[in-house]
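In: Sequence and predicted structure, then a few things I'm wondering about:
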Amino acid sequence: MKDDENTQVEMNDDTRTSHQDWVRSLVDCHAASLTRYAISITGNIESARDVVQETFLRLCREEREKIQNYITPWLFKVCRSRALDYHRKEGRMTPLQDSSLERETTLKPTPSIAAEKKESSKLVHKALDTLPSNQREVVRLKFQNGLSYKEISDVTELSVSNVGFLLHSAIKSIRKELGSHYDLMPKPGESKS
Amino acid sequence: MNPDDPKFTAYALGELHNEVDRAEVEKALNDNPELQKSLDEIRSVSRLLEEALNDEPAADLTDEQKLQIDTHLQASPTPAAKSNLSQLWPYLALAACLILTVPMLFIPAMNKVRQPSGVSQFEQDTPDTPRRSDTKTEDREHNIQPSERQQLKYQKTNDSVAKGQSLASAEMASVGAVVSEVASDKLTAGLEIHRGLIEEFDDATHSVGERVKNVGKKAQPYPVDERITSNYRLEEKEKRRRDLSEVSQGLSNFVAGQLTNESPTTTKREPSLLGSLADGRAAKDRVYERKIIGKTDGTTYYHSSIPVPEPPLPPIPGPQPVVVNGAFNTESYDSITDNPFLGAEQNPLSTFSTDVDTASYANMRRFLNQNQLPPIDAVRIEELINYFTYDYDPPRDKEVPFATHVEVANSPWETDHRLVRIGIKGYEVPWDKRPSSNLVFLIDVSGSMSPINKLPLVKQSLELLANRLGEKDRVAIVTYARSSQIALPSTTSNNSETLLHAITGLRAGGSTHASSGIEDAYKIAQKHFVENGNNRIILCTDGDFNVGVTNRGDLVRMIEEKARGGIYLSIFGFGMNNYKDATLEELSNKGNGNYGYIDALAEARKVFVEQISGTLFTIAKDVKIQVEFNPAQVHAYRLIGYENRKLAAEDFNDDTKDAGEIGAGHTVTALYEVVPTAIEMDLPDVDPLKYQNSAEISRENVSRELLTVKLRYKQPEADKSELIEIPIIDNNLKFDDASEDFRFAAAVASFGMILRNSPYKSASTLTLVQNIAELAQGDNTGGYRSEFLLLVDKVEIIKRADEDRRSEDVLFEEEHTEETP
């Protein structure tokens, strides 16, 4: 085991920066999107923040070499599992419409409230609401957080083809849902822009 | 191709990686314009989705949460911590490694090659290397200079050496020549590399080079180790540090930082190696120690690809090596490596400075109360042991300021081994007979001090103290932040209202700038200096010590100078952010003061009320302990804790060498784990000493004495030290029959070794600690011993939770380790 570690040390020489800086940069880079993701599971901003903080505390204890090559899915995976834990334990008891909470707290049940800026976003959110939760989750990971099929499969523990199928079905449903709004669909020739 | 194929969606999203599938989709797209329309639709839907989802407000962590992560990051052990390297690292690693390796290369050789006929190439190459003397014993005595030559009680005299020498000399001549040839071959290779390197580094690390070149001359620590074992408090070290240019200091800093951040399988060793080098032992002793370490944990120190003349030592079954997650060394904690076992024959003397600090215990408690295990380097076992008061009898008269109590019984974690407890009790100064005090509180009121566990706690602590003081005590308060301010001019303490008012008026705000504050504090203390009294600065800070215009070297020098002039500096650390353990400990040591960590009001009460005399009144200074082991009784021994308090044997009699202070009523406890001669122990791979049959001679001549404890101390005002010698005989006491104090101290040591994941913890378990400590509660004054039990429980709980958490994610990680080689 020791030898392995030594080899790794030598192999990764050039990619090293301080562990602390690394964690800090990850906090800067991912904390917000992780929190947004966690809200979609816990439905509550306070708990989502706790979940994300826990995720980063967990990161502090990790060996960088082991996870740095798949750090984004790692963060989402840990965050997801903590959020689901939370949801299982306390989710049902959390008042989802507590007036003292910020508006984002109820993103999951009705995501559309958050998207007032744009008509199109409103429609998309409405369409998203009709999706089963497993599709909604992969859509979120894919389009909100830019994860690849492979990464989504890591996070959700579904197979890659399963992820592909879920995304495919989700897009199909949304296409259908939006189909009536012609203004949203691409006009010929515009598509490649 | 069916547009309803998930492959098609994957293609549209750029997720189709299989060449065959892609070709198929592309062909279908060419053939069928309808498909192209579907493709466009999928892409625009995904754009809409991206847009809509990214319109969702992102709720970031709160600043407080981020701060907590940061704090955790700085304070907690990181398993990896190997990542901390920049481009320069390979180069520096090479340097550090060579600095370490080179002496190793030729020291063994030099020990063998001593005959004039065996003048090796090495010796020609380095003309400034002194010739080694001809016998082991002369070697040793030579090295025990420069202060006073000490008589080794359990060793044979020079007469017998002479005999051994003449008998052996013929044989030596022949063997010597052969050995030297082999050795010099190896050495040339090593030295070539070493030279090239030295030249390249010469500008930046002039003094590093100097040391390496001079390495054969005399055991001297290298600059690198000064950072690693930077609270290795030898005055000499400080002098050397002054010599270093800024550049080389920065560099050694960097090297050390990298070393300590490196994988512990390699560098975790270095500090101990350097530590042992640094303690100025004779060259051969260093080889000995190095091998011990190498052997017991089955690793070697070489960690670069440089050809190493000596083959790595084979791993042996035995104690586990120090575990990975100790390697993380933030700027706040200096790395500590557990003292190894040393053979009594080769290393009969063990020397260290006393330590009455208790900060490590309170700091550990703070971590545990936050449900975290403390970083390994934050656990100093001697401070855990010394946190507790033990019921040792105080000295009968004032002439000798302290009484020494030694007890020997078997070790609970290794029943074949003996545990030797050296307990020192300072005489108690009755409160009404205390000397007058001239106290200046220097209080950090910078912005970082505002949390409830900092300035508010400081104020409570001061109030506690103020209530104990009276008309013969003077108190002043100086605060520092952006600039220093005298919050209370020196006032006699019977003006308690004025005093309390000034304390209540303290407010946090501004950035730290300690240097002018500390100057002001010393000025006030000087102005009201009390002859034969207790003149002391008491610094309360969270350690974010911005020394501003003064650099740390100047600061340390000023503190040392003032301490010599009779104004001591005690430091109390508060809070958790920015907490700089190493700095504070070093400064307080330079200032002949004590160093405590106040994590809660209860701790403040302990320090400022219950043990106020010990906190304020020094009864003996520069207290050093030297133990001489009798090789006829002792095969090997190990000092538990005191890693950064070790002294060179010759420092014991050297009155200019600074050491620890003992306050009124203080107890100091040190434990040695001793392996009796009857017990086989796989000690390092050192050949039996051929010309030294001391053990046998000793057996005839010397009594059953196990060891002799020698203490040196100075009266607070004295410059000359006094000596106490106490020979100890092992009466084969069983552990269970030992005193409660003995058993409790053993439990604390065992607990400390568990927290440090020491390679020497043997059968130590939390349960063992519990069982011993439960039956050794004594009168549990202040409830500290029962609190200890709670902390042991706490560790158990945290460890269990950690394991649960780890197993949860094992699957995920395993999966990825396979996929991402």
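Out: Cool, the structure landed. Residues are numbered from 1 along each chain as shown, chains lettered A, B, ... in the order given.
In: Give the rounded mean pLDDT of stretch B:643-653.
Out: Stretch B:643-653 carries an average pLDDT of 89.
In: What's the end-to-end length of it?
Out: 20 Å (CA to CA, to the nearest Å).
In: what about the longest helix in chain A?
Out: Counting residues, the longest helix in chain A under DSSP state H turns out to be helix A:19-42.
In: Go through it and flag the buried ones.
Out: Within helix A:19-42, the residues scored as buried using 16 or more other CB atoms under 10 Å in any protein chain shown are A:19-20, A:22-24, A:26-27, A:30-42. Glycine gets a C-beta too; all of them are placed from N, C-alpha and C.
In: among those residues, which are within reach of chain B?
Out: A:19-20, A:22-24, A:27, A:31-33, A:35-36, A:39 (CB under 8 Å from any CB of the partner chain).
In: Which member of these is positioned nearest residue B:35?
Out: residue A:33 (33.6 Å; CB to CB).
In: Touching, the closest one and residue A:141? I think so.
Out: No - in this structure, residue A:33 is not within contact of residue A:141 by CB atoms under 8 Å, at 10.3 Å.
In: joint contacts of these two?
Out: Residues within reach of residue A:33 and of residue A:141 at once, by CB atoms under 8 Å, 6 or more residues apart in numbering or on different chains: there are none.
In: does the nearest residue to residue B:737 once chain neighbours are set aside count as helix, strand or coil?
Out: Nearest residue to residue B:737 in three dimensions, chain neighbours excluded: residue B:409, at 7.0 Å (CB to CB, 6 or more residues apart in numbering or on different chains). Using DSSP: H, G, I helix; E, B strand; the rest coil, the structure places residue B:409 in strand.
In: ok, residue B:409 - contacts?
Out: Contacts of residue B:409 (CB under 8 Å, 6+ apart): B:418-419, B:733-735, B:737-738, B:742.
In: repeat that with 10 Å
Out: Going by CB atoms under 10 Å, 6 or more residues apart in numbering or on different chains, residue B:409 touches B:418-421, B:730-739, B:742-743, B:746.
In: Need the buried ones from those residues selected in ChimeraX.
Out: Selecting only the buried entries of the contacts of residue B:409 in ChimeraX, with 16+ other CB under 10 Å as the criterion:
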select /B:418,419,420,421,730,733,735,738,739,742,743,746
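In: Of the contacts of residue B:409, which belong to helices?
Out: Reading helices off those with DSSP H, I get B:742-743, B:746.
In: For residue B:28, state which of these is nearest.
Out: For those, the nearest to residue B:28 is residue B:746 (78.4 Å; CB to CB).
In: looking at it, the closest one is touching residue B:419, isn't it?
Out: Yes - taking contacts as CB atoms under 10 Å, residue B:746 lies within contact range of residue B:419: 5.9 Å.
In: Overlap in contacts, the two.
Out: B:409-413, B:640, B:671, B:673, B:735, B:738.
In: State the number of residues packed around residue B:20.
Out: The number of residues packed near residue B:20 is 8, by other CB atoms under 10 Å in any protein chain shown.
In: Give me the contacts around the host helix or strand of it.
Out: Residue B:20 belongs to helix B:19-31 when elements are defined using DSSP states H and E. For helix B:19-31, contacts defined as CB under 10 Å, 6+ apart pick out B:1-3, B:5, B:7-8, B:10-12, B:16, B:18, B:35-36, B:38-39.
In: Please apply the same query to stretch B:764-774.
Out: B:411-414, B:735-736, B:743-755, B:758, B:761-762, B:785-786, B:788-789, B:791-796, B:799.
In: try it again with 8 Å
Out: B:412-413, B:743-744, B:746-748, B:750-751, B:753-754, B:785, B:788-789, B:792-793, B:795-796, B:799.
In: any idea of the mean pLDDT in it?
Out: On average, stretch B:764-774 scores 93.
In: can you pull the pLDDT of residue A:133?
Out: At residue A:133, pLDDT is 84.
In: for chain A, which spans come out with low pLDDT?
Out: A:1-17, A:90-118, A:180-193 (pLDDT under 70).
In: let's see 80
Out: A:1-21, A:43-44, A:63-65, A:68-69, A:86-122, A:178-193 (pLDDT under 80).
In: same question, the stretch 401-550 of chain B
Out: B:431, B:446-453, B:481-501, B:504-517, B:542-550.
In: for it, what spans make up the strands?
Out: Secondary structure of the stretch 401-550 of chain B, counting by DSSP state E, counting those that start in this stretch: strands at B:402-410, B:418-426, B:437-444, B:473-480, B:484-492, B:534-541.
In: JSON lines please, covering those strands and showing distance to residue A:130.
Out: Converted to JSON lines, the strands of the stretch 401-550 of chain B look like this (distance: least, CB to CB, whole Å):
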{"stretch": "strand B:402-410", "distance to residue A:130": "74"}
{"stretch": "strand B:418-426", "distance to residue A:130": "72"}
{"stretch": "strand B:437-444", "distance to residue A:130": "59"}
{"stretch": "strand B:473-480", "distance to residue A:130": "64"}
{"stretch": "strand B:484-492", "distance to residue A:130": "66"}
{"stretch": "strand B:534-541", "distance to residue A:130": "60"}
